[in-house]
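In: kindly return the folded structure for what I paste below:
(2 chains)
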Number of protein chains: 2
Amino acid sequence: MPDFNDASATHRLAPGHHTVDIDSTWAVGDVPNGGYLLAMMLRAALAEAAHPHPVSTTAHFLTPPTSGPADVHVTVLRTGRTIETLRVSLLQEETPRVELVVTVSTLTRSAPVEWVGPLPEAVAPVDDCVPAVVDLPDGTHVGLLEHVDIRLDPQTLGWFSGRPAGQLSMRGHVRLADGTQPDPVVLALAVDALPPTVFGLGRLGWAPTVELSVLTRGLPAPGWLTVHLRGRLVRDGWFDEEAEVYDAEGALVAQSRQLARIRVT
Amino acid sequence: MPDFNDASATHRLAPGHHTVDIDSTWAVGDVPNGGYLLAMMLRAALAEAAHPHPVSTTAHFLTPPTSGPADVHVTVLRTGRTIETLRVSLLQEETPRVELVVTVSTLTRSAPVEWVGPLPEAVAPVDDCVPAVVDLPDGTHVGLLEHVDIRLDPQTLGWFSGRPAGQLSMRGHVRLADGTQPDPVVLALAVDALPPTVFGLGRLGWAPTVELSVLTRGLPAPGWLTVHLRGRLVRDGWFDEEAEVYDAEGALVAQSRQLARIRVT
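Out: Prediction:
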């Protein structure tokens, strides 16, 4: 089994031109996981970038790519002394599948927190959480979970046994099964790894992400990442999902938001 | 004084090629307001788009444009039956200044709310709020406020008299001074119109937006928009700011998030 670095590696053919090989097992059902695609695209961007850390990554998912080879094109839009912005497109058959813009900078591990808001609702400790299962009640095989070790807070797991909590929330802990320690690329994977929050309404099934944006707020310490997901509104076939990710030392290291589709009832 | 439609109008020279005239008065100090630039870029996108409503708009601000003419280039990335995604670049002197990707669809005014989370902290009624002043304590002239009528909740206004509330929050009501009623383009303006939340820490002064993303969650009713801003973290010269916008009938019609820079103390 390839580890995360292998599965998300890019091959630089020329400045701004990379190829990747989308692994069929980093997927939910047949569809490559969005965070995994972000990780590949970020690696291509960082190979071209003047600064080492993505601080803001915004991705629009156009058409789900299939597993197998894909091209990644990187264009530097503007380089400055402290920040740089790049455009990244992932293409198959010369058709864009994911379009990403990322602003990079240099984050400092030791930078003090000037102000932080109140913590969200606590997550049960890892040992009191439930390992996510690789096969969902509707039969979907979540290959992603062979690579990403996810422990879910039992309070947000009622949907699995037919008793959904009745709200858009999901909480748990995440680490890579291969022992890779968290960094900003792993954070992009972590924000999209838990089951969709709409499962909390009993709305199981396919919930494709249309747009996912991630802010990196710090360089994570080694160990488990703790992920809090919540959403605000389900309407007209759309729902939102916001993540806050804390590292093993309790620092807020990432925030994300996605807009996703759901079948209209 | 040009009204909002005039100030944000685009002129279509050819498919995908527009020019705009950035008005010097829709600004904070000398810098055009980010939401105003988004509004122009959205108008260019919507002139090319197969669906009428932006549902997810992500913008990276590369270099502040100056007032005066600018080019706007629109590229359709993918068209589908229900959604389409477009890339929009605003350029001056052939250099990109703002890079935007927008996904459009068709929203339904009458679509029922399937689920909505708890309301955020209440905002004082319009008549109990304080009109935002056009000149800030540090001498910055906010020309934007000659066009946008903003009433701020006194509870989030302590910074103006030297008693900041000590948290990242700002709340108020917004409408266009010329009587233009809200629509998705006005929502993009509304999310970036209030003073930055870091003023609540007594950190007055320039706080440039690096990335701003907006979700449109409904078509707003006529009348005032109510805007709740809060942020989670100030660290390493960066802060985040999240908006929720409610229409006059109490519907959640927009969500946004921005990442912005602040002087490191």
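
In: test my guess that residue A:253 contacts residue A:247.
Out: Yes. Residue A:253 lies in contact with residue A:247 (CB atoms under 8 Å); the separation is 4.8 Å. (Glycine included, C-beta is placed from N, CA and C.)

In: which one in chain A is furthest away from the centre?
Out: Distance from the C-alpha centroid of chain A peaks at residue A:81, with 28.2 Å (CA atoms, centre = their mean).

In: report the separation between that one and chain B.
Out: 12 Å (CB to the nearest CB, to the nearest Å).

In: looking at that residue now. What's its pLDDT?
Out: On the pLDDT scale, residue A:81 is placed at 94.

In: tell me the contacts of it?
Out: Residues near residue A:81 by CB atoms under 8 Å, 6 or more residues apart in numbering or on different chains: none.

In: is chain B within reach of the longest helix that chain A contains?
Out: Secondary structure of chain A per DSSP state H: the longest helix is helix A:34-48. No. Shown here: helix A:34-48 not in contact with chain B (CB under 8 Å from any CB of the partner chain), separated by at least 12.6 Å.

In: quick check: what element follows that helix along the chain?
Out: Downstream of helix A:34-48, the first helix or strand assigned by DSSP states H and E is strand A:53-61.

In: bridged to residue A:98, which residues?
Out: In this entry, residue A:98 is beta-bridged to residue A:61, residue A:90, by DSSP bridges.

In: close enough to count as contact, residue A:243 and residue A:229?
Out: Yes. Using CB under 8 Å, residue A:243 is in contact with residue A:229, at 5.2 Å.

In: for the longest helix of chain A, name the packing helices and strands.
Out: If you count contacts as 3 or more CB pairs under 8 Å, 6 or more residues apart in numbering or on different chains; DSSP states H and E, helix A:34-48 packs onto strand A:10-14, strand A:17-22, strand A:53-61, strand A:68-79, strand A:84-92, strand A:95-105, helix A:184-190, strand A:209-216.

In: could I get these as CSV with mean neighbour count?
Out: Below are those laid out as CSV (neighbours: other CB atoms under 10 Å in any protein chain shown):
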stretch, mean neighbour count
strand A:10-14, 13
strand A:17-22, 19
strand A:53-61, 26
strand A:68-79, 18
strand A:84-92, 22
strand A:95-105, 24
helix A:184-190, 27
strand A:209-216, 26
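
In: can you tell me which of these is nearest to residue B:201?
Out: Minimum separation from residue B:201 across the helices and strands packed on helix A:34-48 (CB to CB) falls at strand A:209-216, 18.7 Å.

In: which ones are touching residue A:76?
Out: Contacts of residue A:76 (CB under 8 Å, 6+ apart): A:16, A:48, A:49, A:50, A:84, A:85, A:86.

In: low-confidence regions, the stretch 1-150 of chain A specifically.
Out: Within the stretch 1-150 of chain A, the ranges that satisfy pLDDT under 70 run A:1-2.

In: which bits of it sit near chain B?
Out: So the stretch 1-150 of chain A meets chain B at A:55-56, A:58, A:60, A:62-63, A:77-78, A:83, A:85, A:87, A:95-96, A:99, A:101, A:103, A:107-108, A:111-117 (CB under 8 Å from any CB).

In: need the phi and psi values for residue A:158.
Out: Main-chain dihedrals, residue A:158, degrees, to the nearest 10: phi -50, psi -30.

In: my guess is it meets residue A:170, correct?
Out: No. In this structure, residue A:158 is not within contact of residue A:170 by CB under 8 Å, at 11.0 Å.

In: list the residues that contact both of those two?
Out: In terms of CB under 8 Å, 6+ apart, residue A:158 and residue A:170 are both contacted by the residues residue A:200.

In: neighbour-wise, which of the two wins?
Out: residue A:170 (26 against 15; other CB atoms under 10 Å in any protein chain shown).

In: now that one: which helix or strand?
Out: Assigned by DSSP H and E, residue A:170 belongs to strand A:169-176.

In: elements contacting that strand?
Out: Against strand A:169-176 (3+ CB pairs under 8 Å, 6+ apart) you get strand A:148-152, helix A:184-190, strand A:225-230.

In: ok, what's across the strand from residue A:228?
Out: Going by DSSP bridges, residue A:228 forms beta bridges with residue A:171, residue A:244.

In: correct me if wrong: it contacts residue A:171.
Out: Yes. Between residue A:228 and residue A:171 a contact is recorded at 5.4 Å, counting by CB under 8 Å.

In: who has more neighbours out of the two?
Out: Neighbour tally, residue A:228 and residue A:171, criterion other CB under 10 Å: the higher count belongs to residue A:171, 24 against 21.

In: which residues touch that one?
Out: Contacts of residue A:171 by CB under 8 Å, 6+ apart are A:121, A:123, A:124, A:152, A:153, A:155, A:156, A:226, A:227, A:228, A:229.

In: can we see that at 7 Å?
Out: Contact partners of residue A:171, counting by CB atoms under 7 Å, 6 or more residues apart in numbering or on different chains, are A:123, A:153, A:156, A:227, A:228, A:229.

In: helix, strand or coil: sort out the nearest residue to residue A:219 once chain neighbours are set aside for me.
Out: Counting by CB to CB, 6 or more residues apart in numbering or on different chains, residue A:219 lies nearest to residue A:109, which is 4.6 Å off, once chain neighbours are set aside. Of the three states, residue A:109 takes coil under DSSP: H, G, I helix; E, B strand; the rest coil.

In: rewinding a little: now do the shared contacts for residue A:228 and residue A:171.
Out: Shared contacts of residue A:228 and residue A:171, defined by CB under 7 Å, 6+ apart, comprise residue A:123.

In: list phi and psi for residue A:180.
Out: Torsion angles at residue A:180 (phi, psi; degrees, to the nearest 10) stand at phi -60, psi 130.

In: understood, closing this out.
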